[in-house]
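Student: give the three-dimensional model of this entry:
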Amino acid sequence: MMRSWNGMGMGMGMGMGWSWVFGLLLLAGVVTLVVLLVRLTVDGGRRRGEHPGPGAAQSRAREVLDERYARGEIDSAEYEERLRTLRRDP
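Tutor: Residues are numbered from 1 along each chain as shown. Have a look, this model is predicted:
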């Protein structure tokens, strides 16, 4: 006896026709997780070992100087003197 085709795929039902999509999505998710984990471990190690460049340190020093001046810890003369010193340092 021959089975008739029901429009969903030779008598297999609706679920079997879409199972390949689920498989591809699952595979893509696993690959994405592996790539993210590798990037986090590799990039995280680089970031911890890097030191900020001289520009970043000078920028932070200027921020601290501005904060101290704003709080009144140093007067205008000392602020200007230290600012000139910061600008001279390479």
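Student: dump the residue contacts of residue 76.
Tutor: Each residue near residue 76 by CB atoms under 8 Å, 6 or more residues apart in numbering is listed here: residue 69. Backbone N, C-alpha and C define where each C-beta goes, glycine included.
Student: helix or strand right after the helix or strand encompassing residue 43?
Tutor: Applying DSSP states H and E as the criterion places residue 43 in helix 19-49. Sequence-wise, the next helix or strand downstream of helix 19-49 (DSSP H and E) is helix 54-71.
Student: and the helix or strand that that next one is followed by, what's buried?
Tutor: Next helix or strand after helix 54-71 toward the C-terminus (DSSP H and E): helix 76-88. Across helix 76-88, burial judged by 16 or more other CB atoms under 10 Å covers 79, 82.
Student: helix 76-88 vs helix 54-71, what angle?
Tutor: For helix 76-88 against helix 54-71, the angle between stretch directions is 170 degrees (axes from the mean of the first three to the mean of the last three CA atoms, to 10 degrees).
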